[in-house]
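Student: here are the coordinates; sequence isn't available:
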């Protein structure tokens, strides 16, 4: 009887509200809906005991806060940065959330970071990679990012290229870049151009386009005139499919095509690309193949698959992990007071073996960036991504140079 009364008391205690701002509709809605699924799984793992080595998984709610449960209060940014900002403010002022998580799009994340800074609310970003978000000159005190930055991913690309050049004796220069004309695209281009210079390579063409577009044919045709051995592309969803279609229409494919964005990694995009997507090399935050080194990956993915009849993807795995990190900090704070949560986030030190990510762990620097975040590279082979870099996680060797269209 006493146990039953105790359980009823726990149920009556107020939940701990965390605001989640994501694009559930609009051009990035497919990403937001995928993230929503993963965050729902994370909430269940936090709120109920699981035999997993993840943070808080073996506990019943937050033990340092009387086993209170986490509740996510959702807001749809509609893929609009201004809407993301307004929804963040509403969640804080009207819904009473004690922290925020979000919001995939780097522009939306940037807008929210200034709201949380002014309102002194902890904001954890698990899935926006633009390096400018944690620039020292911004001086943000309430912003924390768990995922790797564009710089980390682009460096991986050039490490692989250097290995190909040195061990296989293939030429990797000249190079070309084709990107959507956005803030995120410009930041990525800056990073790519820096590494092109650092590795003594030549940039022979840079193409910018406005998304959405009906054709990339003329942009690609201009690139072919300088015969780049390597192309870096930043495209999302339909643009990624269009890029491959136009490359095939022109009968052209470089020795290596690097997708320096998440546009080529969505399962629905892979399905539409079909065999035409083969040999694309993409940056990845996560891949199921990591389970070969870390069985926790397979365990969590099994739970996700049982719920949704699909595997996790590299985007929602980041978001899943981010919520666990935020909840862990709230629990260690033992308080819902904003300054206590911020102090706990700053003191975070989660080891790699308690995560499903290819990171060395989670530890934030003075800008709020997780300095232990890493990435991987995958190549599409037989219509699925296989990890090819770094060597520690590689499932197979990189196919280089990619075969011409008529040789496939």
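Tutor: Perfect, thanks for sending it. A quick note: this is a predicted structure, and the numbers were derived from the prediction, not measured. Numbers count the residues shown, from 1 in each chain.
Student: Break down this structure into its helices, ranges please.
Tutor: 2-12, 29-47, 81-93, 106-119, 150-167, 183-198, 217-224, 238-249, 267-273, 295-308, 314-333, 338-346 (DSSP state H).
Student: Mind listing what's buried along the fourth one?
Tutor: So the one you mean is helix 106-119. Of the residues in helix 106-119, those with enough neighbours to count as buried (16 or more other Cβ atoms under 10 Å) are 106-117. Using the backbone N, CA and C atoms, a C-beta is placed for each residue, glycine as well.
Student: Which of these sits closest to residue 192?
Tutor: residue 106 (16.0 Å; Cβ to Cβ).
Student: Can I get the helices of the chain in JSON lines including mean pLDDT and distance to residue 64?
Tutor: As requested, those are arranged in JSON lines below (pLDDT from 0 to 100; distance: least, Cβ to Cβ, whole Å):
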{"stretch": "helix 2-12", "mean pLDDT": "45", "distance to residue 64": "14"}
{"stretch": "helix 29-47", "mean pLDDT": "97", "distance to residue 64": "13"}
{"stretch": "helix 81-93", "mean pLDDT": "98", "distance to residue 64": "23"}
{"stretch": "helix 106-119", "mean pLDDT": "96", "distance to residue 64": "23"}
{"stretch": "helix 150-167", "mean pLDDT": "96", "distance to residue 64": "32"}
{"stretch": "helix 183-198", "mean pLDDT": "91", "distance to residue 64": "38"}
{"stretch": "helix 217-224", "mean pLDDT": "96", "distance to residue 64": "55"}
{"stretch": "helix 238-249", "mean pLDDT": "93", "distance to residue 64": "44"}
{"stretch": "helix 267-273", "mean pLDDT": "77", "distance to residue 64": "38"}
{"stretch": "helix 295-308", "mean pLDDT": "98", "distance to residue 64": "23"}
{"stretch": "helix 314-333", "mean pLDDT": "97", "distance to residue 64": "5"}
{"stretch": "helix 338-346", "mean pLDDT": "98", "distance to residue 64": "10"}
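Student: Of the ones you listed, which is nearest residue 379?
Tutor: The closest approach between residue 379 and any of the helices of the chain, judged by Cβ to Cβ, belongs to helix 150-167 at 9.7 Å.
Student: Enumerate the positions of the closest one that are buried.
Tutor: Counting neighbours by 16+ other Cβ under 10 Å, helix 150-167 gives 150-161, 164-165 as buried.
Student: which one of those residues sits closest to residue 280?
Tutor: Taking Cβ to Cβ as the measure, residue 157 is the one of the buried residues of helix 150-167 closest to residue 280, at 12.4 Å.
Student: Quick one: residues contacting the residue lying closest to residue 320 once chain neighbours are set aside.
Tutor: Leaving aside its chain neighbours, residue 320 sits nearest to residue 38 (4.1 Å; criterion: Cβ to Cβ, 6 or more residues apart in numbering). Taking Cβ atoms under 8 Å, 6 or more residues apart in numbering as the contact definition, residue 38 lies against 304, 312, 316-317, 319-320.
Student: next one: residue 84
Tutor: For residue 84, the contact set (Cβ under 8 Å, 6+ apart) comprises 21, 23, 77, 102-103, 105, 108-109, 111-112.
Student: Could you export those residues as a markdown table, including distance to residue 237?
Tutor: Compiled in a markdown table, the contacts of residue 84 are given as follows (distance: Cβ to Cβ, whole Å):
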| residue | distance to residue 237 |
| --- | --- |
| 21 | 20 |
| 23 | 12 |
| 77 | 17 |
| 102 | 19 |
| 103 | 17 |
| 105 | 13 |
| 108 | 17 |
| 109 | 19 |
| 111 | 22 |
| 112 | 23 |
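Student: and of those residues, the nearest to residue 186?
Tutor: Out of these, the one with the shortest distance to residue 186 is residue 105. That distance is 14.6 Å, counting by Cβ to Cβ.
Student: Quick one: residues contacting that closest one.
Tutor: Neighbour list for residue 105: 23, 28, 77, 79, 81, 84, 128, 184 [criterion: Cβ under 8 Å, 6+ apart].
Student: Next: residue 90.
Tutor: Contacts for residue 90 (Cβ under 8 Å, 6+ apart) come out as residue 75.
Student: distance of it from residue 284?
Tutor: Distance, residue 90 to residue 284, by Cβ to Cβ, to the nearest Å: 34 Å.
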